[in-house]
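Peer 1: can you look at this prediction? I've put the sequence above it.
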Amino acid sequence: MPKLTINGMEIEVESGTSVLQAAEMLGIEIPRFCYHDRLSVPANCRMCLVEVKGAPKPVASCAMAVGDGMEVTTNSEVIQKARKGVMEMMLINHPLDCPICDQGGECDLQDQAYGYGFDRSRYRETKRAVKNKDIGPLIKTVMTRCIQCTRCVRFGEEIAGTADLGLLNRGEDVEIGTFVEKAVSSEMSGNMIDICPVGALTSKPYAFHARPWELKKTESIDVHDAVGSNIRVDSRGGEVMRVLPRLHEGINEEWINDKTRFAYDGLKTRRLDTPYIRNAQSGKLEKASWDEALNTVAEKLKSTSPEKIAAFAGDLVDVESTLALKDLMNGLNVSNTECRTDGAFVNTDTRASYLFNTGIEAIEEADAIILVGTNPKHEAALVNARIRKTWLSKRVPIALIGAPVDLPYPYEHLGSSAESISKLTKAFAKKLGAEKPMIIVGDQIFNRSDASALHTQLRNAAHKMGCVQEGWNGFNILHRHAGRVGALDVGFTATQPINVGDMDVVYLMNSDEESILSDCSDGSLVIYQGHHGDAAAHRADVILPGAAYTEKNATYVNTEGRVQLGKQSVFPVGDAKEDWKIVKALSNRLNVELPYLTLIDLRERMSREWPHFDKIDALPNETWPDDMMTGKEKASNCLKSPFKLSIENFYTTNVIARASKTMQECVEAFTKTKPQKKAAE
């Protein structure tokens, strides 16, 4: 390992480390524009110049690897003068837009011009102007501000896998743009806004809405998929103004998908802010008080046989609310409780059988990846980005069983049905010779009558391929819903599929599945507890308005089984209440004792029965029972029908996204005429 000296301080680092990275380890700041930790190094801005003893001129520290005995100076007079010259060149054509630029207050160019630039300009010629590009409904462009750092270009090519942007022309005519006028069609395009060091790329929905110093910043968890991306919710007053990513190396690194980032405007529209009861004479929903709504529900539950009551927990429900509803139903002797509202009856015999056991970060350790019945690009864009990152670094072989989909890496298509799983174990496994193979199974493929047999066959295949071995469990279920794993953990499941048509009372907590609503009989009482006026609210006879994920403190468990805490950013709208509090108030009217009065009491109840809820942000290490470790479970025959895609439209997968105007614009821009790319042969 080479040793070097930076500003008189000695440090020993790994070979291949750049001078800039070594300086950061010592806490020495070196300015930069084009360099980014997660992107390739272009060394084209020259802002990171340093002086190396023996070198004839300053060198770019981001591209210079350390050498043994190297002596580096980062703050000499020569370097200070060089940085001022670079900054002066940067600002030659940059417009004086700071008062009207959305990047103002969090702009790298502003900060570094103040710290390293001149206090006046010597340039008197006319500034260059560049035409703005229309690259879709999400990203606003002011290309005259662009400094050609190419971060957005490299992000599209390396992280997102969509090479839509590029550097056009040469010399003073150089500019960033699309080669053919088009929108940037990536599920992660919003991250280009974050990495842009100037105001060339900003959020179009957020434009001119707020300044960063006006906003209250709340660290929370995303619920638009089961990845559990760490986010920061910025709010002003009672309104969510924007959503940004937080750094979490084990889950989302520093990225989020576009639905997470831009669907927040759906929190302001089509909201349920007061209870409703359907008038028996007119058949219309009418506003009611909380007492009237809760009494109506309580009277119906009291007069109905437990066998005729069913409760469903939907995609966005937090663990506390699910457990409260379970405790209430247990108090009423109701056994018809279910969280798998889409019919995806994944095996729940042991926790390892329904988790993403490897962990998202460990995807980078895999040397072979098999996708079964899933499109990770739409179901979990951050998992898909990890797969692409792994493929780029190691060129791992990737195979797919299921419908061919457009993925940002080549894969071998082995088939479309369960019959292809045997081909997976016989042909593909022999060709691999992998030491750490990984299988990723979409939870939607269990929405079949042969779900149990299919689960067993997949586990056996995982063992035969060596996916499950000492110190490595490569059998992974990729869930799509933020509330699903937590509900499975607390046992909010039924032993048999529930026949909704036979139920007299159907309690829907944030459940908007059309399959359930269409099966409800005309005479049954449908209770909807949720925060948006979507399909279930239109069918409901009683509506109990709940709080959205930004309006409550709540626990969520991601697809890995990692327990995370969401924080309240704003207050619930109108008369809406937190879901567990609604259940608690209902239990008082039913004389069913729920042994908790506060959220802390409820979380203590969770931890007593399921200790893993005490381990916040810890990746679980679940082991399989001995009979599952053999890989010789007896499997029944599976159906020959092909696996279907679970998400038809990435931008409208839940009630918040469907209420979002921005997401509707994305549907129009990206999904109407988008061609389907075939798998690599």
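Peer 2: All right, it came through fine.
Peer 1: the nearest residue to residue 661 once chain neighbours are set aside: neighbouring residues, count only.
Peer 2: The shortest distance from residue 661 to any non-neighbouring residue, by Cβ to Cβ, 6 or more residues apart in numbering, is to residue 265 (5.8 Å). C-betas here are computed from N, CA, C, even on glycine. Residues near residue 265, counting by other Cβ atoms under 10 Å, number 19.
Peer 1: would you say residue 265 is within a helix?
Peer 2: Yes - assessed by DSSP: H, G, I helix; E, B strand; the rest coil, residue 265 belongs to a helix.
Peer 1: tell me the contacts of it?
Peer 2: For residue 265, the contacting residues are 205, 660, 661, 662, by Cβ atoms under 8 Å, 6 or more residues apart in numbering.
Peer 1: and those as CSV, adding secondary structure?
Peer 2: CSV is the format used below for these (three-state DSSP):
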residue, secondary structure
205, coil
660, coil
661, helix
662, helix
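Peer 1: may I see the ChimeraX selection of the buried members of those residues?
Peer 2: Paste this into ChimeraX to select the buried members of those, with burial taken from 16 or more other Cβ atoms under 10 Å:
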select :205,660,662
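Peer 1: so of the contacts of residue 265, which two are at opposite extremes in space?
Peer 2: Maximum pairwise distance in the contacts of residue 265, criterion Cβ to Cβ, is 9.1 Å, between 205 and 660.
Peer 1: and for residue 645, the neighbour number?
Peer 2: 16.
Peer 1: correct me, but it touches residue 400?
Peer 2: No - using Cβ atoms under 8 Å, residue 645 is not in contact with residue 400; the gap is 11.7 Å.
Peer 1: what are the buried residues along stretch 324-341?
Peer 2: 324-329, 332, 334-341.
Peer 1: relative to residue 306, which of those residues is nearest.
Peer 2: Using Cβ to Cβ, residue 334 is the member of the buried residues of stretch 324-341 that lies nearest residue 306, at 4.7 Å.
Peer 1: pretty sure that closest one is touching residue 306, no?
Peer 2: Yes - between residue 334 and residue 306 there is a contact under Cβ under 8 Å: 4.7 Å.
Peer 1: how about the helices in the stretch 201-350 of the chain?
Peer 2: Taking DSSP state H, counting those that start in this stretch, the helices of the stretch 201-350 of the chain run over residues 258-262, 290-302, 319-331.
Peer 1: so what sits against both of residue 334 and residue 306?
Peer 2: What both residue 334 and residue 306 touch, as defined by Cβ under 8 Å, 6+ apart, is an empty set.
Peer 1: three-state assignment of residue 72?
Peer 2: strand.
Peer 1: what separation do you get for it and residue 4?
Peer 2: 6 Å (Cβ to Cβ, to the nearest Å).
Peer 1: let me have the helices of the stretch 201-350 of the chain in a markdown table, extended by mean pLDDT.
Peer 2: Below are those laid out as a markdown table (pLDDT from 0 to 100):
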| stretch | mean pLDDT |
| --- | --- |
| helix 258-262 | 97 |
| helix 290-302 | 96 |
| helix 319-331 | 97 |
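Peer 1: so which of those comes closest to residue 98?
Peer 2: That would be, of these and by Cβ to Cβ, helix 258-262, which comes in at 24.1 Å.
Peer 1: for the closest one, packing partners?
Peer 2: strand 239-245, helix 661-666 (3 or more Cβ pairs under 8 Å, 6 or more residues apart in numbering; DSSP states H and E).
Peer 1: could you export the ones you listed as JSON lines, including mean pLDDT and distance to residue 641?
Peer 2: Converted to JSON lines, those look like this (pLDDT from 0 to 100; distance: least, Cβ to Cβ, whole Å):
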{"stretch": "strand 239-245", "mean pLDDT": "97", "distance to residue 641": "39"}
{"stretch": "helix 661-666", "mean pLDDT": "95", "distance to residue 641": "31"}
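Peer 1: out of the ones you listed, which is closest to residue 185?
Peer 2: Comparing those by Cβ to Cβ, helix 661-666 comes nearest, at 9.6 Å.
Peer 1: looking at the helices of the stretch 201-350 of the chain, which is buried most?
Peer 2: Comparing the helices of the stretch 201-350 of the chain by mean neighbour count (mean count of other Cβ atoms under 10 Å), helix 258-262 comes out on top with a mean of 27.
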